[in-house]
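**Q** structure of the sequence below:
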Amino acid sequence: MYQILKQILKTGIKTEPHPVADDTLRTEVQGLQADILRVFGQAISIRHVDAGSCNGCELEIHALNNPYYNIEGLGIKFTASPRHADMLLVTGPVAKHMEVALKRTYDATPEPKFVVAIGDCGCTGGIFGESYASCGRVSNVIPVDVAVPGCPPTPIAIMQGILAAISGGK
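**A** As a prediction, the model looks like this:
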(Lines give C-alpha, C1' and ligand atoms only; values in the text may rest on other atoms or scores of the structure.)
Protein backbone atom coordinates (compact mmCIF):
# COMPACT_ATOMS: atom_id res chain seq x y z
CA MET A 1 0.00 0.00 0.00
CA TYR A 2 2.85 2.35 0.85
CA GLN A 3 4.41 1.82 -2.60
CA ILE A 4 1.15 2.75 -4.34
CA LEU A 5 0.71 5.94 -2.31
CA LYS A 6 4.35 6.85 -2.95
CA GLN A 7 3.84 6.38 -6.70
CA ILE A 8 0.67 8.53 -6.64
CA LEU A 9 2.48 11.35 -4.84
CA LYS A 10 5.45 11.12 -7.20
CA THR A 11 3.33 11.10 -10.38
CA GLY A 12 0.90 13.86 -9.42
CA ILE A 13 -2.39 14.68 -11.12
CA LYS A 14 -2.47 13.68 -14.79
CA THR A 15 -5.99 14.69 -15.83
CA GLU A 16 -7.15 17.44 -18.15
CA PRO A 17 -7.80 20.81 -16.54
CA HIS A 18 -11.41 21.65 -15.78
CA PRO A 19 -12.91 23.91 -18.47
CA VAL A 20 -13.31 27.53 -17.46
CA ALA A 21 -16.96 28.44 -17.14
CA ASP A 22 -17.56 31.77 -18.83
CA ASP A 23 -20.26 33.42 -20.88
CA THR A 24 -18.54 32.81 -24.25
CA LEU A 25 -18.78 29.04 -23.77
CA ARG A 26 -22.44 29.33 -22.79
CA THR A 27 -23.11 31.49 -25.86
CA GLU A 28 -21.38 28.97 -28.14
CA VAL A 29 -23.40 26.10 -26.67
CA GLN A 30 -26.64 28.01 -27.16
CA GLY A 31 -25.63 28.79 -30.76
CA LEU A 32 -24.90 25.11 -31.43
CA GLN A 33 -28.23 24.11 -29.93
CA ALA A 34 -29.99 26.66 -32.15
CA ASP A 35 -28.15 25.31 -35.23
CA ILE A 36 -29.14 21.75 -34.37
CA LEU A 37 -32.77 22.73 -33.92
CA ARG A 38 -32.74 24.73 -37.17
CA VAL A 39 -31.29 21.86 -39.22
CA PHE A 40 -33.10 18.93 -37.62
CA GLY A 41 -35.97 20.45 -35.66
CA GLN A 42 -35.05 18.19 -32.74
CA ALA A 43 -32.13 16.64 -30.91
CA ILE A 44 -29.68 14.71 -33.09
CA SER A 45 -29.61 10.95 -32.70
CA ILE A 46 -26.42 9.06 -33.47
CA ARG A 47 -26.09 5.35 -34.21
CA HIS A 48 -22.62 4.02 -33.52
CA VAL A 49 -21.45 1.10 -35.69
CA ASP A 50 -18.32 -0.89 -34.83
CA ALA A 51 -17.29 -2.29 -38.20
CA GLY A 52 -14.27 -4.20 -36.88
CA SER A 53 -12.25 -1.89 -34.64
CA CYS A 54 -9.96 -2.61 -31.69
CA ASN A 55 -12.34 -0.67 -29.36
CA GLY A 56 -9.91 2.19 -28.77
CA CYS A 57 -12.20 4.61 -30.60
CA GLU A 58 -15.22 3.26 -28.71
CA LEU A 59 -13.64 4.23 -25.39
CA GLU A 60 -13.24 7.80 -26.64
CA ILE A 61 -16.82 7.86 -27.97
CA HIS A 62 -18.10 6.68 -24.57
CA ALA A 63 -16.14 9.53 -22.96
CA LEU A 64 -18.37 11.98 -24.85
CA ASN A 65 -21.26 11.00 -22.56
CA ASN A 66 -19.44 11.77 -19.31
CA PRO A 67 -20.06 15.04 -17.42
CA TYR A 68 -16.77 16.56 -18.63
CA TYR A 69 -17.70 16.57 -22.34
CA ASN A 70 -21.51 16.33 -21.89
CA ILE A 71 -22.46 15.87 -25.52
CA GLU A 72 -26.11 15.39 -24.54
CA GLY A 73 -26.09 18.96 -23.25
CA LEU A 74 -25.74 20.03 -26.90
CA GLY A 75 -28.80 18.02 -27.90
CA ILE A 76 -26.82 15.09 -29.33
CA LYS A 77 -27.74 11.61 -28.09
CA PHE A 78 -27.01 8.02 -29.01
CA THR A 79 -29.72 5.65 -30.19
CA ALA A 80 -29.90 1.88 -30.56
CA SER A 81 -31.72 1.85 -33.89
CA PRO A 82 -30.57 3.24 -37.24
CA ARG A 83 -34.23 3.97 -38.02
CA HIS A 84 -34.17 6.66 -35.34
CA ALA A 85 -30.71 8.02 -36.21
CA ASP A 86 -29.68 11.16 -38.05
CA MET A 87 -26.00 10.26 -38.13
CA LEU A 88 -23.83 7.14 -38.24
CA LEU A 89 -20.54 7.06 -36.34
CA VAL A 90 -18.48 4.23 -37.85
CA THR A 91 -15.27 2.94 -36.30
CA GLY A 92 -12.68 0.47 -37.53
CA PRO A 93 -11.74 -0.91 -40.90
CA VAL A 94 -14.82 -2.55 -42.36
CA ALA A 95 -14.43 -6.28 -41.94
CA LYS A 96 -15.77 -8.40 -44.82
CA HIS A 97 -18.39 -9.96 -42.55
CA MET A 98 -19.60 -6.46 -41.51
CA GLU A 99 -19.90 -5.07 -45.05
CA VAL A 100 -23.52 -6.15 -45.60
CA ALA A 101 -24.54 -5.12 -42.07
CA LEU A 102 -23.02 -1.65 -42.54
CA LYS A 103 -24.80 -1.18 -45.87
CA ARG A 104 -28.11 -2.25 -44.32
CA THR A 105 -27.60 0.12 -41.41
CA TYR A 106 -26.87 2.97 -43.84
CA ASP A 107 -29.96 2.14 -45.90
CA ALA A 108 -32.14 1.97 -42.76
CA THR A 109 -31.08 5.45 -41.64
CA PRO A 110 -33.61 8.05 -42.84
CA GLU A 111 -32.66 11.15 -44.84
CA PRO A 112 -31.03 13.56 -44.14
CA LYS A 113 -28.24 11.36 -42.84
CA PHE A 114 -24.59 11.96 -42.15
CA VAL A 115 -21.73 9.49 -41.82
CA VAL A 116 -18.65 10.22 -39.72
CA ALA A 117 -15.69 7.82 -40.00
CA ILE A 118 -13.79 7.69 -36.71
CA GLY A 119 -10.11 6.83 -36.28
CA ASP A 120 -7.29 6.04 -38.66
CA CYS A 121 -8.81 2.64 -39.45
CA GLY A 122 -12.15 4.18 -40.42
CA CYS A 123 -10.51 6.96 -42.46
CA THR A 124 -7.75 5.08 -44.28
CA GLY A 125 -7.96 1.42 -43.29
CA GLY A 126 -5.16 1.98 -40.78
CA ILE A 127 -2.62 -0.78 -40.32
CA PHE A 128 -5.10 -3.30 -41.68
CA GLY A 129 -5.74 -1.74 -45.10
CA GLU A 130 -7.57 -3.86 -47.65
CA SER A 131 -7.13 -7.61 -47.54
CA TYR A 132 -9.01 -10.88 -47.82
CA ALA A 133 -10.67 -10.10 -44.46
CA SER A 134 -11.02 -6.31 -44.64
CA CYS A 135 -12.73 -3.88 -47.03
CA GLY A 136 -10.48 -1.12 -45.67
CA ARG A 137 -11.80 2.38 -45.06
CA VAL A 138 -15.47 3.10 -44.44
CA SER A 139 -15.77 5.13 -47.66
CA ASN A 140 -15.10 1.93 -49.63
CA VAL A 141 -18.51 0.66 -48.46
CA ILE A 142 -20.73 3.71 -47.79
CA PRO A 143 -20.39 7.46 -48.50
CA VAL A 144 -18.60 9.39 -45.72
CA ASP A 145 -19.28 13.06 -44.94
CA VAL A 146 -16.56 13.69 -42.33
CA ALA A 147 -13.42 11.74 -41.41
CA VAL A 148 -11.86 12.11 -37.94
CA PRO A 149 -8.28 10.78 -37.99
CA GLY A 150 -6.34 9.63 -34.94
CA CYS A 151 -5.48 6.38 -33.22
CA PRO A 152 -7.69 6.87 -31.29
CA PRO A 153 -8.93 10.43 -31.82
CA THR A 154 -9.59 12.50 -28.73
CA PRO A 155 -13.18 13.08 -27.60
CA ILE A 156 -12.79 16.75 -28.60
CA ALA A 157 -11.77 15.71 -32.14
CA ILE A 158 -14.75 13.37 -32.35
CA MET A 159 -17.07 16.13 -31.15
CA GLN A 160 -15.58 18.51 -33.73
CA GLY A 161 -16.21 15.91 -36.45
CA ILE A 162 -19.82 15.50 -35.38
CA LEU A 163 -20.35 19.26 -35.31
CA ALA A 164 -18.60 19.64 -38.70
CA ALA A 165 -21.05 17.14 -40.21
CA ILE A 166 -23.97 19.02 -38.67
CA SER A 167 -22.78 22.44 -39.82
CA GLY A 168 -22.18 21.02 -43.30
CA GLY A 169 -25.88 20.10 -43.44
CA LYS A 170 -27.10 23.70 -42.93
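**Q** gap between the closest residue to residue 65 other than its chain neighbours and residue 87?
**A** Of all residues not flanking residue 65 in the chain, residue 71 sits nearest, at 6.3 Å (CB to CB, 6 or more residues apart in numbering). Quick note: C-beta positions are derived from backbone N, CA and C, even for glycine. For residue 71, the distance to residue 87 (CB to CB, to the nearest Å) stands at 12 Å.
**Q** so who does the residue nearest to residue 65 touch?
**A** Counting by CB atoms under 8 Å, 6 or more residues apart in numbering, residue 71 makes contact with 64, 65, 77, 159, 162.
**Q** helix or strand for the last one, which one?
**A** Spelled out, it's residue 162. Using DSSP states H and E, residue 162 sits in helix 155-168.
**Q** that helix: which residues count as buried?
**A** Residues of helix 155-168 classed as buried: 155, 157, 158, 159, 161, 162, 163, 164, 165, 166 (neighbour count, 16 or more other CB atoms under 10 Å).
**Q** tell me the contacts of the fifth one?
**A** By CB under 8 Å, 6+ apart, the residues touching residue 161 are 116, 118, 146, 147, 148, 153.
**Q** confirm the first one sits in a strand?
**A** Going back to what we said before, that points to residue 116. Yes. Looking at residue 116 with DSSP: H, G, I helix; E, B strand; the rest coil, it is inside a strand.
**Q** from residue 101, how far out is the residue nearest to residue 54 when sequence neighbours are not counted?
**A** Closest residue to residue 54 apart from its sequence neighbours, by CB to CB, 6+ apart: residue 92 at 7.3 Å. The gap separating residue 92 from residue 101 is 12 Å, by CB to CB.
**Q** which other helices and strands contact the longest strand along the chain?
**A** In the chain, ranked by residue count with DSSP state E as the criterion, the top strand is strand 44-50. Strand 44-50 sits against helix 56-63, strand 76-78, strand 87-91, helix 99-108, with contacts defined as 3 or more CB pairs under 8 Å, 6 or more residues apart in numbering; DSSP states H and E.
**Q** do that again at 10 Å, thanks
**A** Strand 44-50 is packed against helix 56-63, strand 76-78, strand 87-91, helix 99-108, strand 114-118, helix 155-168, with contacts defined by 3 or more CB pairs under 10 Å, 6 or more residues apart in numbering; DSSP states H and E.
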